[in-house]
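> generate coordinates for the sequence data below:
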Amino acid sequence: MTTPPGGPTRILIADDQEDVRSGFRLILGSQPDMTVVGEAADGLTAVDLARTLHPDLVLADIRMPGVDGLEVTRRLAGPGVPDPVRVLVVTTFDHDDYVRTALRDGACGFLLKRSGPGLLIEGVRAAMAGDMLISPQITVRLLQNLAPAARPAPSSAPAPVASAPPSPLTAREQEIARLVAEGLTNAEIGERLFITAGTAKTHIANVQAKLKVRNRVGIAAWSWENGLAGPAPRE
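Model prediction:
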């Protein structure tokens, strides 16, 4: 990855744990297209630094002293903010209400710390490209919760089944969409299909364009609605 013409992405890290901030700094600082310009151990400091340093992106934990990451997101990226800053939430806590609140208030992604450095880097690049990345585990669970209950069979004779419209996707793109719905990352899709992560990313971009969806969640929802994938069985 080469450094973009405008210079590397300038990142502010907000997390109350020093070891986490150090780890993120090492991961992001190792990328030629990223640089860490500041750190904050609490929400108020994060907001103040964001307004003085003008970073391209803020990484925000959920639980921080004083002002939490959800409020940081609302203040920096929420509706009505005159000069919004991209906020990528990276946290240990994946409660559904946290995810919905963060995305409603302008977060450009929601990642779990346990997802690993690869997804963190991918999430930053997705945010800077105007996309949104959500940890695959969260995507699958949210879609499971949104899956409609099976409709009971009618007592009368069944109506004729209408033929389904042809899929806008090629066979390979349908396979990509199914794997996205399973919650796989680009690297995991590449390993499954014996292609590079970059090729998987290109396929996903093509799928998004054909389906006219904004992100992986839209791809997963389409896959479920069209029978390519479904919720995992509940224990």
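> hang on, residue 167 packs against residue 226?
Yes - at 7.0 Å, residue 167 counts as touching residue 226 under the criterion of Cβ atoms under 8 Å. For the C-beta atoms, the positions are set from N, CA and C on the backbone; glycine is no exception.
> confirm residue 65 sits in a helix?
No - checked against DSSP: H, G, I helix; E, B strand; the rest coil, residue 65 lies outside a helix; its state is coil.
> ok, it - contacts?
16, 41, 42, 43 (Cβ atoms under 8 Å, 6 or more residues apart in numbering).
> give me that answer again for 10 Å
16, 41, 42, 43, 44, 45 (Cβ atoms under 10 Å, 6 or more residues apart in numbering).
> state the next helix or strand along the chain beyond the helix or strand bottoming out on mean pLDDT in the chain.
Here the helix or strand of the chain ranked lowest by mean pLDDT, DSSP states H and E is helix 136-146, holding a mean of 66. The C-terminal neighbour of helix 136-146 among helices and strands, as given by DSSP states H and E, is helix 171-181.
> send me that next one as CSV with only the CA atoms.
Only the C-alpha atoms of helix 171-181 are listed here, as CSV (Å, rounded to 0.1, in the frame of the first residue of the first chain):
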residue,chain,number,x,y,z
ALA,A,171,-22.0,-17.4,-10.0
ARG,A,172,-18.7,-16.3,-8.5
GLU,A,173,-20.3,-13.1,-7.2
GLN,A,174,-23.1,-15.1,-5.6
GLU,A,175,-20.5,-17.2,-3.8
ILE,A,176,-18.8,-14.0,-2.6
ALA,A,177,-22.1,-12.6,-1.4
ARG,A,178,-22.8,-15.9,0.5
LEU,A,179,-19.4,-15.8,2.2
VAL,A,180,-20.0,-12.1,3.2
ALA,A,181,-23.3,-13.1,4.7
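> can you give me the offset of that helix from its chain's centre?
Helix 171-181 sits 18 Å away from the centroid of its parent chain (Cα atoms, centre = their mean, to the nearest Å).
> let's have the chain start at 29 instead
New numbering, starting at 29: the last item is helix 199-209.
> show me what it is packed against.
Helices and strands touching helix 199-209, by 3 or more Cβ pairs under 10 Å, 6 or more residues apart in numbering; DSSP states H and E, are helix 164-174, helix 214-221, helix 225-239, helix 244-253.
> those into CSV, with extra columns for mean neighbour count?
Listed next are the helices and strands packed on helix 199-209 as CSV, based on neighbours: other Cβ atoms under 10 Å:
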stretch, mean neighbour count
helix 164-174, 17
helix 214-221, 18
helix 225-239, 17
helix 244-253, 21
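> relative to residue 34, which of these is closest?
helix 225-239 (21.2 Å; Cβ to Cβ).
> got the angle between the closest one and helix 199-209?
100 degrees (axes from the mean of the first three to the mean of the last three Cα atoms, to 10 degrees).
> overlap in contacts of residue 195 and residue 254?
Taking Cβ under 10 Å, 6+ apart as the contact rule, residue 195 and residue 254 both touch 202, 205, 239.
> so what's the second one closest to, chain neighbours aside?
In space, residue 205 comes closest to residue 251 once its chain neighbours are excluded; the distance is 4.7 Å by Cβ to Cβ, 6 or more residues apart in numbering.
> for whichever strand or helix holds residue 149, what is the average pLDDT?
Assigned by DSSP H and E, residue 149 belongs to helix 145-156. For helix 145-156, the mean per-residue pLDDT is 90.
> wait, residue 160 touches residue 127, no?
No - Residue 160 lies out of contact with residue 127 (Cβ atoms under 10 Å); the separation is 11.5 Å.
> distance between stretch 149-167 and the chain's centre?
3 Å.
> which parts of that stretch are buried?
149-156, 159-164, 166-167 (16 or more other Cβ atoms under 10 Å).
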